[in-house]
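Student: sequence and predicted structure, then a few things I'm wondering about:
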Amino acid sequence: MKTSRTQDSSLISSAAATAADGEPDKRRYADQAYDALESMIATLELRPGAPIVEAELIERTGLGRTPTREALMRLVASGLIVQQPRRGLLVSDIRLAEHLDLIEARRVLERLIATSAARRATPQQRQDLLHCAQQMIKASQAGDLAAYMAADQALDHVAHAACRNPFAVAAVVPMIIQCRRFWYAYQHQGDMSEGSRCHLVLAEAIAAGESERASAAADGLMDYLRSFASAVIA
């Protein structure tokens with residue numbers, strides 16, 4: 001199942017919005033630009049190897065040159081965009097052979113983020129996590145891939161804010177985008193319902209403030225991603 005350009009545009013708009021439905025996006029323009037470009041990469045609207053044309057991205061995101069350039073610099077630093085001699089900026093390739101290693105590295109960080117979020121999340125963040133996970137369930141039941149991806153991204157934002165560990169977040173974000181792109185590229189072999197179920201289990205554990213249960217739920221989510229990736233690579 002592939003999303004159309006219209007669906008992708010909707011996804012980007014949703015992704016750029018805050019987790020609170022209908023609320024205007026009050027984040028920095030650079031953060032909005034980063035999320036928009038991340039969604040384009042994760043959903044293959046910007047395909048691996050595609051050249052980066054700054055003017056086109058500014059037009060597509062509706063954001064200015066400065067926030068778009070800042071977002072591009074962050075994506076270069078995270079390895080999702082690479083600079084090639086005489087070719088300029090390109091979207092990085094999906095590295096099948098290294099993907100399982102990436103998931104295992106992400107697993108360590110996800111455990112830390114989940115246990116920290118379980119201890120440190122505010123009451124509002126616990127509610128927001130459950131809301132995002134329930135949105136993923138609803139999207140999977142409707143077969144709405146764009147809504148599923150947007151809710152997944154929103155859930156990550158809440159969990160990352162809740163854990164209050166910017167170092168873990170900075171390290172894990174590029175891995176999440178790589179996993180999201182891999183999942184999207186091969187999602188005909190994936191299972192939205194199982195993915196949403198894993199996220200709901202994680203959100204419920206964090207919302208309940210149970211660190212050990214949250215760590216086990218993070219492991220469960222990584223097990224799902226590893227199983228999915230192994231099936232693709234085999």
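Tutor: Thanks, I have it.
Student: when you work out contacts or count neighbours from here on, use the C-alpha atoms and nothing else.
Tutor: Fine.
Student: thought residue 134 was touching residue 200?
Tutor: Yes. Counting by CA atoms under 8 Å, residue 134 sits close enough to residue 200 to count as a contact (6.8 Å).
Student: more neighbours: which of the two?
Tutor: Set side by side, residue 134 and residue 200 show more neighbours around residue 200, with 24 against 18, by other CA atoms under 10 Å.
Student: that one contacts residue 133, correct?
Tutor: Yes. At 4.9 Å, residue 200 and residue 133 qualify as touching, with contact defined as CA under 8 Å.
Student: how far does whatever helix or strand residue 130 lives in sit from its chain's centre?
Tutor: Using DSSP states H and E, the element containing residue 130 is helix 123-142. Taking CA atoms, centre = their mean, to the nearest Å, one finds the center of helix 123-142 at 15 Å from the center of the full chain.
Student: next: stretch 138-156.
Tutor: Per CA atoms, centre = their mean, the centroid offset for stretch 138-156 relative to its chain is 11 Å.
Student: what helix or strand does the spatially most central residue of the chain sit in?
Tutor: By CA atoms, centre = their mean, the chain has its centre lying nearest to residue 153, at 4.3 Å. Under the criterion DSSP H and E, the helix or strand holding residue 153 is helix 145-163.
Student: could you do residue 107 as well?
Tutor: In this assignment (DSSP H and E), residue 107 forms part of helix 96-120.
Student: quick one: mean pLDDT over that helix.
Tutor: Averaged across helix 96-120, pLDDT comes to 95.
Student: give me the buried positions along it.
Tutor: Within helix 96-120, the residues that qualify as buried are 99-100, 102-104, 106-120, counting by 16 or more other CA atoms under 10 Å.
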